[in-house]
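1. All I have is the shape, not the residue letters:
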């Protein structure tokens, strides 16, 4: 009986965490125009509100996953919840856009601690016969967070102001922490006693930070090209270190010797890089160009996650009947078409076109996400399920980071660090069209990765 209570508590805590993270991201996206007006923030600064969070998660995700294996996943999960919720409470008291950006970076670290341990906790708790059901519920909670974020966030912003979003995050994080503290007594530390690769963690973090700094300054500073080369050299050094380290942060053997695993993760990277920035652009487009309120924009944007939620179970069953790689490739193609449609938006576009592209993207996500995760988790031995889950999460955050870096670079080049106003509307629309065309091209590359795993037997 205690075991069943423990399973229920783990599932509840994981689902709450999976709800809170995307809810935070999507609701903040809706609040950006209001935050920008209060602090007189530029388009570049608004982009950094999202970019710094994803940057932080990208830097710390691999390290926190390894910390969980060594020091206990429950402990890292609990600490992450406190940091995530605490930073949310502090952001609600922010006095400048710079404060918001810094606190969002710290909040991203807490988010990384949580997301690096959730799937591993589920896999460690549920037997193989119940694992699929538990993972399915956990994934559904992600969609629920994405769906509720724009709508609930929009209502909160319109009625109580943008700070109310962060007021809400703190008690929900504390509730999840309390359940974990009181109801989950088991600790998982499969690598207890093993050393932590500090040199690899520092190399990776430095490389990612330099990469972001370089890309965001390429259009204005010549030194950025030097740091860009240095960032790539450090990434190369990181992979060399991991190949030689007896206890690496990243198991390169899976990437080098398992084609399905490697290409499925690459496909996920390109998919998230191509699609993450769409909500950011459409939120600004609907409010600044179409004159909608935050709640009205949220009602429009909720279409995409609803379509994804409705069709994901069907796509999961479909991938049981035909090869999952075909289903996932179809999803990537639908995303490419949706992004191409989005790139045609202008000030006079009908709202019907927005709904069409949101439906296409929702279908694309549904066809791609579940089958692709199934391919990743099914292509490794059971002892590598935690590694597979952690790396897939890293691909998601790195893809999001790539998406926001592209947006930041385009804004810096085309809008000259100016806020989105009526006077700069034409430049904003030009920036949006260029970014969405690039995103569509990334999906085409992702289709190539997705097709590459279809031919021939998998090399183990």
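-> Perfect, thanks for sending it. Everything numeric in this text was worked out from a predicted model, so none of it was measured. Numbering: from 1, shown residues only.
2. which ones are touching residue 375?
-> For residue 375, the contact set (C-beta atoms under 8 Å, 6 or more residues apart in numbering) comprises 260, 264, 324, 325, 328, 453. Quick note: C-beta positions are derived from backbone N, CA and C, even for glycine.
3. Okay, and which of the residues you listed map to strands?
-> In strands, defined here by DSSP state E, there are no members of the contacts of residue 375.
4. Compare those and tell me which is most surrounded.
-> With neighbours taken as other C-beta atoms under 10 Å, the top of the contacts of residue 375 is residue 328, carrying 32 neighbours.
5. Just the pLDDT at it, thanks.
-> For residue 328, the model assigns a pLDDT of 84.
6. ok, back up a step: going by distance to residue 34, which of the contacts of residue 375 wins?
-> The nearest member of the contacts of residue 375 to residue 34, counting by C-beta to C-beta, is residue 328 at 37.0 Å.
7. re the thing from before, out of the contacts of residue 375, which two are the most distant from each other?
-> Counting by C-beta to C-beta, the most remote pair of those is 260 and 328, 11.1 Å apart.
8. show me the contacts for the closest residue in space to residue 307 that isn't next to it in sequence.
-> Leaving aside its sequence neighbours, residue 307 sits nearest to residue 362 (C-beta to C-beta, 6 or more residues apart in numbering; 2.9 Å). By C-beta under 8 Å, 6+ apart, the contact list for residue 362 reads 303, 304, 305, 306, 307, 308, 311.
9. Go again with 7 Å.
-> Contacts of residue 362 were listed using C-beta atoms under 7 Å, 6 or more residues apart in numbering, and they are 303, 304, 305, 307, 308.
10. Turn those into CSV, columns for distance to residue 406.
-> As requested, those are arranged in CSV below (distance: C-beta to C-beta, whole Å):
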residue, distance to residue 406
303, 24
304, 20
305, 22
307, 25
308, 23
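11. Of those residues, keep whichever come out buried.
-> Burial by neighbour count, judged by 16 or more other C-beta atoms under 10 Å, picks out 303, 304, 305, 307, 308 from the contacts of residue 362.
12. Filter those down to the ones in helices?
-> Here DSSP state H is the test, and those give 303, 304, 305, 307, 308 as lying in helices.
13. of these, closest to residue 281?
-> Of all those, residue 304 has the smallest distance to residue 281: 12.8 Å, by C-beta to C-beta.
14. which parts of the longest helix belonging to the chain are buried?
-> Taking DSSP H as the criterion, the chain has its longest helix at helix 2-39. Applying a neighbour-count criterion of 16+ other C-beta under 10 Å, the buried positions in helix 2-39 are 7, 9-36, 39.
15. again, but for stretch 428-447
-> 428-429, 431-436, 438-440, 442-447.
16. so how far is it from its chain's centroid?
-> Here stretch 428-447 is found 18 Å from its chain centre; the criterion is C-alpha atoms, centre = their mean, to the nearest Å.
17. Then stretch 392-409?
-> Put simply, stretch 392-409 sits 7 Å off its chain's centre (C-alpha atoms, centre = their mean).
18. and for that stretch, what are the contacting residues?
-> 44, 47-48, 50-51, 54-55, 57-58, 61-62, 115-116, 212, 215-216, 218-219, 265, 268-269, 271-273, 276-277, 280, 373, 376, 435, 438.
19. what would the ones in helices among the buried ones among the contacts of residue 362 look like in JSON lines with pLDDT and distance to residue 167?
-> Output for these, formatted as JSON lines (pLDDT from 0 to 100; distance: C-beta to C-beta, whole Å):
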{"residue": "303", "pLDDT": "85", "distance to residue 167": "27"}
{"residue": "304", "pLDDT": "83", "distance to residue 167": "26"}
{"residue": "305", "pLDDT": "78", "distance to residue 167": "23"}
{"residue": "307", "pLDDT": "84", "distance to residue 167": "30"}
{"residue": "308", "pLDDT": "78", "distance to residue 167": "28"}
